[in-house]
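Participant: Provided below are the primary sequence and the corresponding predicted coordinates.
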Amino acid sequence: MTELTNHASLERYLGNTIRDIRQQHSLTIADVANLAGISRGMLSKIENAQTATSLETLSRLAHALGVSLATLFRGYDDRVGSAQLVKSGEGMEVVRRGTKRGHTYHLLAYDQGPRKIFEPFLITIDHESETFPLFEHPGTEFIYMLEGCVEYRHGKENYVLMPGDSLTFDAEIPHGPEKLIQCPIRFLSVLMYPNPAEV
């Protein structure tokens, strides 16, 4: 963002803030202008971001509005949120290497930029699922069981997972469902990838 754009953005923000506070207190432009010792035309230009103004004038406006000078700037330059909502049933269905019929992956977050930090999946396995190979990939994996019962293998160990159980492990060690005990099976699988700078 250029310096000129920054100034224009600040002027817009201040103008909107002053107008909002003035209207919240049911004050007219004339009321505030008189209290601040500036012309109505000047206040109108400030509120509409048509002119820059001095800190002294802003201080007088803040006093006229009954707020501190800092209040006029509060919230300016706050970071914009970037939350991603995926509604129930709207996760992106993806195909993972080695998966067979009856084994469904729904990716619950995506568009994370050039370097993925994590991938959360909702995994469903039904009665038609066939045997599939073990997986190996960088990072850490976290599994949380939602439905059914599965015997899950990690390295040489097998773990029986039921609803409410969780399992966290090094994903570079071979892992995957070993035995489907009670279908349908549903679990959350969150893959957390290593930071390249730490590898």
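Facilitator: Structure's in. What do you need?
Participant: Okay, now the unreliable bits of the chain?
Facilitator: Within the chain, the segments meeting pLDDT under 70 span 1-8, 77-86, 89-103, 110-116, 128-133, 196-199.
Participant: per-domain residue ranges of it.
Facilitator: Following automatic domain parsing, the chain resolves into domains at 3-73, 92-198.
Participant: Now do the strands in the protein.
Facilitator: 92-94, 103-107, 118-125, 140-154, 157-161, 166-170, 175-192 (DSSP state E).
Participant: mind listing what the nearest residue to L69 once chain neighbours are set aside touches?
Facilitator: By the measure of CB to CB, 6 or more residues apart in numbering, the closest residue to L69 outside its immediate chain neighbours is A62, 4.6 Å from it. C-beta here means a position set from N, CA and C on the backbone, and glycine is covered the same way. Remark: with contacts taken as CB atoms under 8 Å, 6 or more residues apart in numbering, A62 is in contact with 68-69, 71-72.
Participant: quick one: which of those is nearest M42?
Facilitator: Compare each of those with M42 using CB to CB and the shortest gap goes to L72, at 15.9 Å.
Participant: Need the contact partners of the longest helix anywhere in the chain.
Facilitator: Scanning the chain for the helix with the most residues, using DSSP state H, yields helix 3-24. In this structure, residues lying in contact with helix 3-24 by CB under 8 Å, 6+ apart are 1, 28-29, 31-32, 43, 46-49, 51-53, 58, 61, 65, 67, 71-73, 75-76.
Participant: how about 6 Å then?
Facilitator: For helix 3-24, the external contacting residues (CB atoms under 6 Å, 6 or more residues apart in numbering) are 32, 46-49, 61, 65, 72, 76.
Participant: buried stuff in that helix?
Facilitator: Within helix 3-24, the residues that qualify as buried are 11, 13-15, 17-19, 21-22, counting by 16 or more other CB atoms under 10 Å.
Participant: cool, stretch 68-75 as well?
Facilitator: Buried residues in stretch 68-75, counted by 16+ other CB under 10 Å: L72.
Participant: what does that stretch rub up against?
Facilitator: Counting by CB under 6 Å, 6+ apart, residues outside stretch 68-75 touching it are 14, 17, 59, 62.
Participant: just curious, which of the residues you listed is nearest to I117?
Facilitator: Using CB to CB, the shortest approach to I117 within these belongs to T17, at 35.2 Å.
Participant: Would you quantify the distance from L107 to N195?
Facilitator: With the distance defined as CB to CB, to the nearest Å, L107 ends up 21 Å from N195.
Participant: higher neighbour count, the two?
Facilitator: Between L107 and N195, counted using other CB atoms under 10 Å, L107 has the larger neighbour count: 15 against 10.
Participant: what about the more buried one, distance to I117?
Facilitator: In this structure, L107 and I117 are separated by 14 Å, where distance is defined by CB to CB.
Participant: Ok, L69 next?
Facilitator: Taken as CB to CB, the spacing of L69 relative to I117 amounts to 40 Å.
Participant: Please consider this matter closed, and thank you.
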